[in-house]
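Enquirer: pasted the sequence and its predicted model underneath.
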Amino acid sequence: MRLAKTAFAAFTAAALTLSAAFAADPDPKAWDAVTAAAKGQTVYFNAWGGDTQINDYIAWAGGEAEKRYGVKVVHVKLTDTADAVSRVLAEKTAGTNEGGSVDLIWINGANFASMKSKGLLLANGWAEDTPNYKGLDADNNPAVLLDFMVPVKGQELPWGKAQLVFAYDSAKLTDPPRSTPALLAWAKTHPGRFTYPLPPDFMGTTFLKQVLYEYTGGQKSIYHPVDKADFAKVTAPLWAYLDELHPLLWHQGRTFPANYPEMRHLLADNEVSIAFSFNPSDASSAIAKGELPNTVRTYVSDIGSIGNVHFVAIPFNAKAKAGAMVLANFLLSPEAQARKADPKVWGDPTVLAVGSLPAEDKARFDALALGIATLKPAELGALALEPDPSWVDALVKEWQKRYAGK
Amino acid sequence: MLGYARSGPLRNRGGVGALTQPTGHAFIPALAFAVLAGPVIIGLLFVLLPAFGYLPALGGTWFSLEPWRRLIAAPGVLHGAIISLAAGLVTGAASLAITILFLAGFHGSRAFEAMRRLVSPLLAVPHAAAALGLAFLIAPSGLIFRALAAVGFGTDRPPDLLTVHDTGGLAMMAGLIVKEAPFLLLVSLAALPQIEAPARMVVARTLGYRPATAWLKAVAPALYPLIRLPVLAVIAYSSSVVDVGVILGPTNPPPLSVAVLRWQSDPDLSARFLAAAGALLQLGVTAAGLGLWLLGERLVARLARARLESGGRGRHERWVPLFGGAGMALVAALAVLGFITLAIWSFAVSWRYPALWPVPLTLANWSHVLPMTFGPLTATLEIGAVSTAVSVIIVIAALEHELATSRPAGAWAMRLLYLPLVVPPVAFLFGLVVAAESAGLIPGLIAVALGHIVFVMPYVYLSLSEPYRRLDPRWSQIAATLGASPWTAFLAVRLPLLAAPCLTAIAVGFAVSVGQYLATQLLGAGRVDTLTTEAVALASGGERKIIAVWALAQTLLPAIGFGLAIAIPRVLWRNRRAMLDAQ
């Protein structure tokens, strides 16, 4: 009997030790262990690389991470976040469950929904236990808990905010239309002076969502999965709007700019009179760099403007999980967030609840000079939530059915 | 001392060649087959399966026609396929026409030499950089319309003209012709010695034909079969190009290859099946283009026979040099002006319409970007060095094998050589990635370098085969009679004589490697940054001045390569002038 008991105890001890040895995921509740494990790791941070100032900011963050935590950061510049999603998917297909090539990914919306539903993300809710998470004041800030209406559940850490603002050259246009119905009326008298990026580019789909939001009066159905709603009925005003608008667009809608920066070039060269952006400080940054004339100003729609939060996430098979957690936590620190919000650096608004931060951190944000074309937070108005991600796909498909190749 | 003592009667070993070539190279043809055809076949196989519904990671565990149903239902696919087909055929026809008319009208004249020197460096410019230069030049807010506005033909707004991204794909075709016409010109010049053009011209002139007509009737029909494969490569490339399509092509709907790439990166992961089906459709479109071209050849041959044999001496042949010269001059002008536009943008702080010249000028763009280029530059150099070195070694071994067996590469060998150039990369590269991952190959520098070999080797072979064949075999025989072993003859006699062509082939291979986009992007898992991947990543959302710096940096590298290829022989043979044009 005693022999059996000793054998059983020994076996259990061995099993526990073995499982501890194989326990792969670092636990952010034991943060010191995480920072110790992160030292010397190399984190491959997959993030969109099409904007030089964002690349410079990420380079700075990488330098700081190496100095403070011994974590080396390699910025993998993506043309499209879905490239990294493809990469993780291909690794899962090939059975690579450890040592994957993507450690941290800048993500939100449909890409996040896709990775989450296919089981491609680290599942243990790590984000909510990182030290800087409390700065978000998540209980009073529901926007950080939902990513396009999909519950985040700690699988990604918030990084920055976005809100739709329109930009125009005040020297050439004195009274811009301050809502999408007004935009259509304005386009009738100024044909060929407005355009939007080609869906499925995210700025193009944001324009579609903004029009839908303004014309449906914020109906609840767009916040639920699309198959539960009468898609044709809800989106009818949107297609009627676009049918009227397209012949009045830049080049009569025969071509569309590929993305937001191309649209900004059109505004700079006076090919269009109105452009729009997701970053309220982007116009000021562009003016500071000489890209836009210093008479450009921004405004938001009177009816309400769509906005969202963007995040960073860790794939299930990342090689440097501890390093990725440390980097993500640093990106959410007040120091990094304040530098990010500075229009001279990037100008991306912070996700932290500034009002509830300690005094010295709050002072960092108060000291920022927002820029000549940036609206003050009070002027930005209410953030309209993003619809459920299933609507994006449905809208894009219907748009392509009606307008692609015509 | 001599290989024949061990090898048996001379007549079984390919004649005199056996005496002078090193032995041990019988495996070379098999190796070349493996390197050229292997990746293409494997890639196509791994695209075939998802196209019919089989991809376990996404739940596709049985075969179905669903991807094809989705492809047919996808909007704009037919239009995109037609644009790709048209782009392939029009680019091929226009480049060939410009080349032939230019050669006919100007061969032997001083203008010819000058134009040839002007146009040869264009080979070094990567396609993406040339397309970007053209885009900045012909856009409504580009340099041409600013110049017109400056002389009074414009207003304070750019004209409402759709040039770049036009719906018919003409801007894309222009961007391709600017690169392909010089390519065909140089391929033709390399092939001309084989058909003894001067002798033919003498006969035709003495029979009374005017110069251009003599060239068109006596030389061109003999030249065309030699450049048929390069022309087919041009058609295949133009019908499936991705980076030029993104920079200059229509956006709504895009050319088929651009659409396929977008489906491959769609966040909706089930679009991968659609992408595989689209890749096979792209294969079909390219095959259709090639098929139509070959049919067109027969048609033109039948129609032209009457004219060739009619005896017309060409009394009204002025239009030949006119169109040929105008065409080639336009190609050169667009390329050079595009380059100038990029250069000006790279020194600009802000350059908004309608300013003709940016004020102030600054070096800040260069000083900001150059430190960031060091990483990608190193990767580009490493990948280029490895892929070019391996390609050159295999090619020289293959050419030596040809000499040893006295059997020059047959028609099928040439078709094998062109296989990677004729199968659309967007079709087989994705399959190759899936295959590589299943085999456990880690994506990275090595994988990319190996992948580049597939694209570099054909160009290195094309560049080196002519000089190798033209090398007088008597040099090797004299070396043998003086007691040199086959290896010594190779290293001490043949290689030095071919130093200049070898260096040119290395420069060509390196330029091809530098310009690769899709291969680096897919095989490197996006973690390998080269100058080209950086430039294209920025083109999707960067400031024009930064794009210009990257495009110029991307061009400088192969330009330096060609410069070295010209300079090194001169330094090497500064006391031996005759070595420069040996053979």
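Expert: Now that the structure is in, tell me what you want to look at.
Enquirer: show me the residue sitting in the middle of chain A in space.
Expert: residue A:310 (2.7 Å; Cα atoms, centre = their mean).
Enquirer: and it, that's in a helix?
Expert: No: membership of residue A:310 in a helix is not supported by DSSP: H, G, I helix; E, B strand; the rest coil, which gives strand.
Enquirer: neighbours of the residue nearest to it when sequence neighbours are not counted, how many?
Expert: Spatially, and ignoring its direct neighbours in sequence, residue A:310 is nearest to residue A:108 (4.4 Å; Cβ to Cβ, 6 or more residues apart in numbering or on different chains). Glycine gets a C-beta too; all of them are placed from N, C-alpha and C. By other Cβ atoms under 10 Å in any protein chain shown, 26 other residues sit near residue A:108.
Enquirer: just for chain A, where's the confidence low?
Expert: Applying pLDDT under 70 to chain A picks out residues A:1-24, A:218, A:405-406.
Enquirer: before we move on, back to that, beta partners of the residue nearest to the centre of chain A?
Expert: Under DSSP bridges, the beta-bridge partners of residue A:310 are residue A:160.
Enquirer: what about it, distance to residue A:105?
Expert: 11 Å (Cβ to Cβ, to the nearest Å).
Enquirer: re the thing from before, correct me, but the residue nearest to the centre of chain A touches residue A:160?
Expert: Yes: between residue A:310 and residue A:160 a contact is recorded at 5.4 Å, counting by Cβ atoms under 8 Å.
Enquirer: coming back round to it: residues contacting the residue nearest to residue A:310?
Expert: For residue A:108, the contact set (Cβ atoms under 8 Å, 6 or more residues apart in numbering or on different chains) comprises A:147, A:148, A:156, A:308, A:309, A:310, A:311.
Enquirer: redo that, cut-off 6 Å
Expert: The contact partners of residue A:108, by Cβ atoms under 6 Å, 6 or more residues apart in numbering or on different chains, come to A:147, A:310, A:311.
Enquirer: rewinding a little: distance-wise, check the residue nearest to the centre of chain A relative to residue B:224.
Expert: Between residue A:310 and residue B:224 the distance is 57 Å, computed by Cβ to Cβ.
Enquirer: in what helix or strand does residue 258 lie?
Expert: Reading this off chain A. Assigned by DSSP states H and E, residue A:258 falls within no helix or strand.
Enquirer: sorry, should have said chain B
Expert: helix B:256-264.
Enquirer: show me what the helix or strand following that helix is packed up against.
Expert: Next along the chain after helix B:256-264, taking DSSP H and E as the criterion, comes helix B:271-310. For helix B:271-310, the contact count by 3 or more Cβ pairs under 6 Å, 6 or more residues apart in numbering or on different chains; DSSP states H and E identifies helix B:28-51, helix B:66-73, helix B:77-106, helix B:220-240, helix B:256-264, helix B:425-438 as packing neighbours.
Enquirer: mind redoing it with 8 Å?
Expert: helix B:28-51, strand B:54-55, helix B:66-73, helix B:77-106, helix B:220-240, helix B:256-264, helix B:425-438 (3 or more Cβ pairs under 8 Å, 6 or more residues apart in numbering or on different chains; DSSP states H and E).
Enquirer: so residue B:66 makes contact with residue B:273?
Expert: Yes: between residue B:66 and residue B:273 there is a contact under Cβ under 8 Å: 7.0 Å.
Enquirer: what about residue B:436, how many neighbours?
Expert: So residue B:436, with other Cβ under 10 Å, has 24 neighbours.
Enquirer: return the distance of it relative to chain A.
Expert: Separation of residue B:436 from chain A (Cβ to the nearest Cβ, to the nearest Å) stands at 9 Å.
Enquirer: which residue sits closest to that residue, ignoring its sequence neighbours?
Expert: The shortest distance from residue B:436 to any non-neighbouring residue, by Cβ to Cβ, 6+ apart, is to residue B:447 (6.3 Å).
Enquirer: so that neighbour touches residue B:432, yeah?
Expert: No: in this structure residue B:447 lies outside contact range of residue B:432 using Cβ under 8 Å: 9.4 Å.
Enquirer: touching both of these two, which residues are there?
Expert: With Cβ under 8 Å, 6+ apart, residue B:447 and residue B:432 have common neighbours residue B:523.
Enquirer: so which of these two has more stuff around it?
Expert: Comparing residue B:447 with residue B:432 by other Cβ under 10 Å, the one with more neighbours is residue B:432, at 26 against 21.
Enquirer: please verify my assumption that that one contacts residue B:43.
Expert: Yes: between residue B:432 and residue B:43 there is a contact under Cβ under 8 Å: 3.9 Å.
Enquirer: returning to what we had before: and residue B:66 and residue B:273? which has more neighbours close in?
Expert: Set residue B:66 next to residue B:273 and count neighbours by other Cβ under 10 Å: residue B:273 wins out with 25 against 15.
Enquirer: tell me the confidence at the more buried one?
Expert: At residue B:273, the pLDDT value in this model is 85.
Enquirer: just residue B:185 next, same as before
Expert: 91.
Enquirer: contacting residues for residue B:125?
Expert: When contacts are counted by Cβ under 8 Å, 6+ apart, residue B:125 touches B:179, B:335, B:339, B:555, B:558, B:559.
Enquirer: now the fifth one, nearest residue through space, not along the chain?
Expert: Distances taken as Cβ to Cβ, 6+ apart place residue B:511 nearest to residue B:558, at 3.5 Å, with adjacent residues excluded.
Enquirer: which element is that neighbour on?
Expert: helix B:499-515.
Enquirer: cool, residue A:105 as well?
Expert: Taking DSSP H and E as the criterion, residue A:105 maps to strand A:104-107.
Enquirer: let's see that strand as CSV, backbone CA atoms only.
Expert: Taking Å, rounded to 0.1, in the frame of the first residue of the first chain, the C-alpha atoms of strand A:104-107 are listed here in CSV:
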residue,chain,number,x,y,z
LEU,A,104,3.1,40.7,-32.5
ILE,A,105,0.6,42.0,-35.0
TRP,A,106,-1.1,45.5,-35.4
ILE,A,107,-4.7,44.5,-36.1
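Enquirer: which helices and strands does that strand pack with?
Expert: Using 3+ Cβ pairs under 8 Å, 6+ apart, strand A:104-107 sits against strand A:42-48, helix A:81-93, strand A:305-313, helix A:321-331.
Enquirer: so what does the shortest one touch, helix or strand wise?
Expert: The one in question is strand A:42-48. In terms of contacts (3+ Cβ pairs under 8 Å, 6+ apart), strand A:42-48 is packed against helix A:52-69, strand A:72-78, helix A:81-93, strand A:104-107, helix A:321-331.
Enquirer: contacts only, for residue B:122.
Expert: Here residue B:122 is in contact with B:130, B:178, B:179, B:182, B:331, B:332, B:335 (criterion: Cβ under 8 Å, 6+ apart).
Enquirer: confirm it sits in a helix?
Expert: Yes: assessed by three-state DSSP, residue B:122 belongs to a helix.
Enquirer: from chain A, how far off is it?
Expert: Residue B:122 is 27 Å from chain A, by Cβ to the nearest Cβ.
Enquirer: equivalent analysis for residue B:452, please.
Expert: 20 Å.
Enquirer: name the element that residue belongs to?
Expert: When elements are assigned from DSSP H and E, residue B:452 belongs to helix B:445-470.
Enquirer: contact partners of stretch B:570-579?
Expert: B:496, B:497, B:499, B:569, B:580.
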